[in-house]
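Participant: just a sequence and a predicted model for now, questions to come.
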Amino acid sequence: MIQYNPKSWFSLIFDVYSRYVIKLLFPLLLFVGLFTTLLCFLVIDVFDFHYEGTIAFHSILGVILGLFLVLRTNTAYDRWWEGRKLWGRLVNDTRQLAIKFSVFLPEDAKEDREFFRRMVPNVAFAMKEHLRDSILVGEMDPITEENKQRIIASKHRPNMINKLLYERVMKCRNEGKLTAEQLFILDKEIKGFTDIIGACERIKSTPIPYSYSMFIKKFLFIYAITLPISFMWQLHYWTVPLVMLAFYFLVSIELISEEIEDPFGTDINDLPLNDLALKIKKNIREILQD
């Protein structure tokens, strides 16, 4: 995720991300530019076709297309913001769980404290890698070789880490280090981890409906290749940069929507999951330090 100053107009206008978008869209922009140039050449120079251009049709079509793009962007941003709220909840729940462990567990239960100090942050790292379809475990701290092998062998690592947490909590309860009331209090946050990963999976596995995305792209393309008709006779070859600029603005909005509708990836506009996971690890270690 890009960190920036929203009040710095100059840096935002000339930011490198704009060049990244132009580079990504260059093949499409080139096609639209060449098509418009060819159309202008045939109509103006070859056939010498005279007609009165009108922008009424494309004005109406532009309003409809604008409404579609607004809905598309808002839908994508809702998914991005919901993902950020879920990870904000994960940060708070891990802190609360660590605070409760630090208070509930006896001071002499150093082994158990160390287990939770190193295992609770694994929830965030496992969620991050799971949402990115990664098989990495290097950032996790499974404590023992047995736990490491159980995590690696599992198909759903966040679930396995949750299971390991529950097993350790029940072990502490059976050994008399936790009371039944404390066990009930701890259950809220541990259960919440499953709710959070389930909600994140819902966002990831439910993309924008295919027909909706397909027709928006078709409308954008049709709008761009018919736009020269409205300006060609009045503006002649100046129509080419005008159409390319309009196409760049419209398709850039669609491109932004595509990036943020899956907020758990590694695109520059996606959520900073690495930073959030490291923040959780730092907070837990501070809370549960001996």
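Facilitator: Everything's here; your move.
Participant: which of the three states applies to the residue most central in space within the chain?
Facilitator: In the chain, the residue lying closest to the centroid (C-alpha atoms, centre = their mean) is residue 263, at 0.8 Å. Classification of residue 263 using DSSP: H, G, I helix; E, B strand; the rest coil returns coil.
Participant: do residue 164 as well
Facilitator: helix.
Participant: tally of neighbours for it?
Facilitator: Using other C-beta atoms under 10 Å, residue 164 has 22 neighbouring residues. All C-beta spots, glycine's among them, are computed from the backbone N, C-alpha and C.
Participant: on that earlier part again, how about the contacts made by the residue nearest to the centre of the chain?
Facilitator: 79-80, 83-84, 203, 270-271 (C-beta atoms under 8 Å, 6 or more residues apart in numbering).
Participant: now it: phi and psi?
Facilitator: With angles defined as degrees, to the nearest 10, residue 263 sits at phi -80, psi 0.
Participant: so how far is residue 130 from it?
Facilitator: Distance of residue 263 to residue 130, given as C-beta to C-beta, to the nearest Å: 14 Å.
Participant: helices along this protein, start to end?
Facilitator: For the chain, the helices defined by DSSP state H cover 9-13, 16-40, 56-104, 110-131, 145-153, 157-174, 180-205, 210-226, 228-235, 239-260, 273-287.
Participant: same for the longest one, what does it pack against?
Facilitator: Of the remaining helices and strands, those touching helix 56-104 by 3 or more C-beta pairs under 8 Å, 6 or more residues apart in numbering; DSSP states H and E are helix 110-131, helix 180-205, helix 210-226, helix 239-260, helix 273-287.
Participant: and the angle from the first one to helix 157-174?
Facilitator: The directions of helix 110-131 and helix 157-174 differ by 160 degrees, with axes from the mean of the first three to the mean of the last three C-alpha atoms, to 10 degrees as the criterion.
Participant: sorry, back to before: quick one: closest of the helices and strands packed on helix 56-104 to residue 143.
Facilitator: Residue 143 sits nearest to helix 110-131 of all the helices and strands packed on helix 56-104, at 5.4 Å, using C-beta to C-beta.
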